[in-house]
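A.B. asks: I'll drop the sequence and a predicted model, then ask my questions.
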Amino acid sequence: MDRTKQRRRGDTRQRIQDVALELFAEQGYEKTSLREVAERLDVTKAALYYHFKTKEEIIVSLFEDLTKPIEDLIEWGRQQPHTLDTKQEIVRRYSEALTKAAPLFRFMQENQATVRDLSIGDTFKTRMLAMREIIIDPEAPLVDQVRCISAMFTLHAGMFVLQDLAGDADDKRKAVLEVAIDLVTQAHEGAGQPHEGAGQPHESAGQPHANAGQPHANAGQPS
């Protein structure tokens with residue numbers, strides 16, 4: 001097949017994915033039929049079937065295409081040391097991947113019951129466990145491991161919780177990213193290091209007050 005036909009076929013496939021995702025968002029996955037996808041695209045069902053036989057095939061293809069950067073990030077992260085630079089880079093790349101795949105993740109958030117029944121549900125869970133594996137230091141205290149995991153979910157929350165918050169979308173994304181990077185930075189700096197003063201008695205602890213046991217200057221003196 002020549003490159004022009006390959007490119008045209010690729011464009012049609014992407015248009016089907018985009019339109020289907022729009023309809024799933026508008027009407028819900030269960031209430032949308034392939035016929036409606038074909039009508040919105042102004043193509044025949046036969047033309048649609050050439051690319052996808054079922055709605056699940058469309059969603060699975062979207063998931064595979066849009067989460068490929070996350071899969072690549074996991075493979076990269078597995079080959080890196082657990083340094084602060086690595087953790088911060090993981091957070092930056094993950095933020096970028098989520099931003100590019102935002103429509104898909106919004107669909108997954110709003111159709112959680114459906115996603116659990118589709119094959120992508122287990123795949124997504126596996127990838128989240130793999131992300132956890134590359135971002136935490138298994139030797140770190142539990143509280144710092146939780147900070148690293150919280151950084152990931154801070155990025156997730158930024159896609160949904162902040163979308164109705166006033167402000168520029170890019171500024172909000174940068175703010176969320178800054179908070180996530182702060183979390184992994186705190187976790188790394190705290191890993192294996194006791195907090196200042198931790199386990200140390202307060203300088204006055206166990207010491208009598210300077211005047212403890214001493215009578216007040218005027219105590220016992222007639223006025």
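C.D. replies: Done, it's in. All of these numbers come straight from a predicted model, not from anything done at the bench.

A.B. asks: going forward, measure contacts and count neighbours with C-alpha atoms only.
C.D. replies: OK.

A.B. asks: tell me the confidence at the closest residue to Leu34 other than its chain neighbours?
C.D. replies: Counting by CA to CA, 6 or more residues apart in numbering, Lys55 is the residue found nearest to Leu34 once chain neighbours are left out, at 6.7 Å. Note on Lys55: pLDDT of 93.

A.B. asks: roughly how far apart are Lys55 and Ala102?
C.D. replies: 19 Å (CA to CA, to the nearest Å).

A.B. asks: what's around the residue nearest to Leu34, how many residues?
C.D. replies: Counted with other CA atoms under 10 Å, the neighbours of Lys55 add up to 18.

A.B. asks: how about low-confidence regions in this structure?
C.D. replies: Scanning the chain for pLDDT under 70 picks out 1-10, 191-223.

A.B. asks: tell me where this structure has helices.
C.D. replies: Along the chain, counting by DSSP state H, helices occupy 3-27, 34-41, 45-51, 55-66, 68-78, 84-100, 102-110, 112-117, 119-135, 142-160, 169-190.

A.B. asks: what is the fifth one packed up against?
C.D. replies: Spelled out, that is helix 68-78. Judged by 3 or more CA pairs under 8 Å, 6 or more residues apart in numbering; DSSP states H and E, the packing partners of helix 68-78 are helix 84-100, helix 119-135.

A.B. asks: a markdown table for those, including mean neighbour count and distance to Ala187?
C.D. replies: As requested, the helices and strands packed on helix 68-78 are arranged in a markdown table below (neighbours: other CA atoms under 10 Å; distance: least, CA to CA, whole Å):
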| stretch | mean neighbour count | distance to Ala187 |
| --- | --- | --- |
| helix 84-100 | 18 | 9 |
| helix 119-135 | 16 | 10 |
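
A.B. asks: now render the ones you listed as TSV, adding distance to Glu71.
C.D. replies: Shown next, in TSV, are the helices and strands packed on helix 68-78 (distance: least, CA to CA, whole Å):
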stretch	distance to Glu71
helix 84-100	10
helix 119-135	7
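
A.B. asks: of all these, which one is nearest Thr185?
C.D. replies: Smallest distance to Thr185 across the helices and strands packed on helix 68-78 (CA to CA): 6.6 Å, for helix 84-100.
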